[in-house]
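A.B. asks: Structure here, sequence nowhere to be found:
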C-alpha cells in the first residue's frame, strides 16, 4: 500500500485544525477551564484536591475529546472531500485513522502536555507529573479513537455533538478505569499501566474499521 | 443459511407470531405469577442474604439475565442484517433495544432495593457487577439515540448495526476492566458455576421458572414490537403508493 495518501490525509487534517479556528488553543482552553471549574465546585481543600486531582484531569480530558469531535468528518462530508477519498485506492479506514490521529496531535497531545501545569494547580506531587502526562496522552488515544467512531456514525446528523457523547461514553469507561488505576499505581510498568496501553491499542485496532464502515454510510 | 432465509420472510413471521406471541404471553403470565408467589410467600427466607428482602431475587436475577441476553440478541440481529440485509433482522434489533434497556433498569432498581438493607447502600461505585450493568444501560441508550437521529430507515439500520457490533466487541473489555476493581459487595455466581448450582433447590426451581417466564415475556414483547414495526413500514409503503397514484 502506498503511504502517501495517508500522509496527505494526516497533513490535511492538521491544516484544517489551524485554518478552521484557533487550532490547539480552543481545546486547550476548554480543557483548562473544565479542570479549573472543579475546585470551584467541590471546594478548595488542598488535601481533597490532591486525592481527586488526577481523576479531575481524566474527566476533563474525556470531555475535551468529545466537544472537539463533531467537525472531525463533517467538514469532509459537506464539501465532498469524503467522496473523493472513497474513490482513491486508500482503504477508507486508513484515512479515518490518519484523520483521527492528526486530530489527537492537535487536540489531545497538547492537553496531555498541559497536565503538569494543571496538576501543580491541583496539588499533585510534582515528581509524579511526567508519568501522569504520559498516561493522559495514551488514554487520550483511546478517547479520540472511540470518539471518532461516534463522530463517523453521526457525521450526517446535524448538531450531532451530544449524540457523539452518548455513543462514545460507554467505550470510554474501560480506559477511564484503567487510566485512573494506572495513575494510582504510579509506575510505568505496573499491570494497570499496561492495561491502559492495551486499551489504547485495542481502540487503534478496532475503531478504524468501524469508522470506515460508518463513513461509507455517511457518504451514501 | 437455509433456515435464516426461511425465517427472514416477513409474511411468514407475521403468520407465526400471530399465534406464537399470545402463547408466549400466556406462558410468561403463568410462570411469572408462579415465581412471584413462590418468592413472596412459599420459600423460606434466607438470613444470609438479608432476610425477607432476598425475595426480590425472583425479579432481580431474571432482569440481569435478560438485560445481557438481549444485548447479545441485538448484536446478532445487527450482524445478520449487516451481512445478509434481511430487513426482519433490523426490525428485530430495533425492537429489542428498548426492551433490553427496560430489563436493565429493572435489574438496576431491584438491585438497589436489595442492596440498601443488605449492603447498607443503594449503590456502590467500584462494584464490578453494578457497573457492568450500568454501562450496558448506556450502550442501549446510545444505540437508541443513534437510531432516532438518523433521517432514513436504511441509514438508521446501517449506523446502528455498526454500533451494536462494535459494542459487543467492547463488552469483554468493559467486563474485564470493572472486574479488576476486585468487587467485595455483590455475591459471586451461584446458579451457573463449574461445579453446578450452589443454590439450594428450594430457591433454584422457582428462580429458574421465573427466569423462563421473563424469557417468554421478553420474546412475546419483541414479537409485538416487531409486528407493530412491520405494519408501520407497510402503512408507509401503502401511503407512498397511494401518493404516487398507482
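C.D. replies: Okay, I see it. Quantities reported herein were computed from a predicted structural model and do not represent experimental measurements. Residues are numbered from 1 along each chain as shown, chains lettered A, B, ... in the order given.
A.B. asks: What count of nearby residues applies to the single nearest residue of chain A relative to chain B?
C.D. replies: Residue nearest to chain B within chain A (Cβ to the nearest Cβ): residue A:174, separated by 3.7 Å. Where you see a C-beta, it was placed from the backbone N, CA and C, and this is true even at glycine. Neighbours of residue A:174 under the rule other Cβ atoms under 10 Å in any protein chain shown: 27.
A.B. asks: The residue nearest the centre of chain A: helix or strand, and which one exactly?
C.D. replies: What sits nearest the mean C-alpha location of chain A, by Cα atoms, centre = their mean, is residue A:144, with 2.9 Å. In the assignment (DSSP states H and E), residue A:144 maps to helix A:129-153.
A.B. asks: Go through the longest helix that chain A contains and flag the buried ones.
C.D. replies: Longest helix of chain A, by residue count under DSSP state H: helix A:191-219. Buried residues in helix A:191-219, counted by 16 or more other Cβ atoms under 10 Å in any protein chain shown: A:192-193, A:195-200, A:202-203, A:206-219.
A.B. asks: re the thing from before, give me the packing partners of the helix holding residue A:144, helices and strands only.
C.D. replies: Packing contacts for helix A:129-153, counted by 3 or more Cβ pairs under 8 Å, 6 or more residues apart in numbering or on different chains; DSSP states H and E, involve helix A:46-67, helix A:71-78, helix A:92-107, helix A:109-121, helix A:161-185, helix A:191-219, helix B:153-179.
A.B. asks: on that earlier part again, now the longest helix of chain A and helix A:129-153, what's the angle there?
C.D. replies: Calculated by axes from the mean of the first three to the mean of the last three Cα atoms, to 10 degrees, helix A:191-219 forms an angle of 20 degrees with helix A:129-153.
A.B. asks: Close to chain A: what parts of chain B are there?
C.D. replies: B:131, B:135, B:138-139, B:141-142, B:145-146, B:149-151, B:155, B:158-159, B:162-163, B:165-167, B:169-170, B:173-174, B:176-178, B:180-181 (Cβ under 8 Å from any Cβ of the partner chain).
A.B. asks: Contacts only, for residue B:175.
C.D. replies: Shown in contact with residue B:175 (Cβ atoms under 8 Å, 6 or more residues apart in numbering or on different chains): B:128, B:132.
A.B. asks: Which residue is the nearest non-sequential neighbour of residue 107?
C.D. replies: With no chain named, the answer covers chain A. Sequence neighbours aside, residue A:27 is the residue nearest to residue A:107 in space, at 4.0 Å (criterion: Cβ to Cβ, 6 or more residues apart in numbering or on different chains).
A.B. asks: Wait, chain B was what I had in mind.
C.D. replies: Spatial nearest neighbour of residue B:107, excluding adjacent residues (Cβ to Cβ, 6+ apart): residue B:63 at 3.5 Å.
A.B. asks: Kindly report the same for residue A:50.
C.D. replies: In space, and not counting its chain neighbours, residue A:50 is closest to residue A:123: 4.2 Å by Cβ to Cβ, 6+ apart.
A.B. asks: Contact partners for the residue in chain B positioned nearest to chain A?
C.D. replies: Distance from chain A to each residue of chain B (Cβ to the nearest Cβ) is smallest for residue B:177, at 3.7 Å. By Cβ under 8 Å, 6+ apart, residue B:177 lies in contact with A:173, A:174, A:177, A:178, A:195, A:199.
A.B. asks: where's the nearest residue to it once chain neighbours are set aside relative to residue B:169, distance?
C.D. replies: Using Cβ to Cβ, 6+ apart and skipping the chain neighbours, the partner closest in space to residue B:177 is residue A:174 (3.7 Å). From residue A:174 over to residue B:169 the distance is 12 Å, taken as Cβ to Cβ, to the nearest Å.
A.B. asks: Give me the neighbour count for residue A:84.
C.D. replies: Residues near residue A:84, counting by other Cβ under 10 Å: 10.
A.B. asks: Ok, residue A:7 next?
C.D. replies: As a burial measure, residue A:7 scores 11 neighbours (other Cβ under 10 Å).
A.B. asks: show me what contacts it?
C.D. replies: Contacts for residue A:7 (Cβ under 8 Å, 6+ apart) come out as residue A:98.
A.B. asks: Helix or strand for it, just tell me which one.
C.D. replies: When elements are assigned from DSSP H and E, residue A:7 belongs to helix A:4-19.
A.B. asks: buried ones in that helix?
C.D. replies: So, applying 16+ other Cβ under 10 Å, buried residues of helix A:4-19: A:5, A:6, A:9, A:10, A:12, A:13, A:14, A:16, A:17.
A.B. asks: ok, which of those residues also contact chain B?
C.D. replies: The subset of these within reach of chain B, counting by Cβ under 8 Å from any Cβ, is empty.
A.B. asks: Serialize these to a markdown table and add fields for pLDDT.
C.D. replies: Output for those, formatted as a markdown table (pLDDT from 0 to 100):
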| residue | pLDDT |
| --- | --- |
| A:5 | 82 |
| A:6 | 84 |
| A:9 | 84 |
| A:10 | 88 |
| A:12 | 83 |
| A:13 | 82 |
| A:14 | 83 |
| A:16 | 78 |
| A:17 | 73 |
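A.B. asks: what's the angle between the helix holding residue A:7 and helix A:92-107?
C.D. replies: Between the axis of helix A:4-19 and that of helix A:92-107 there is an angle of 30 degrees, by the same axes, to 10 degrees.
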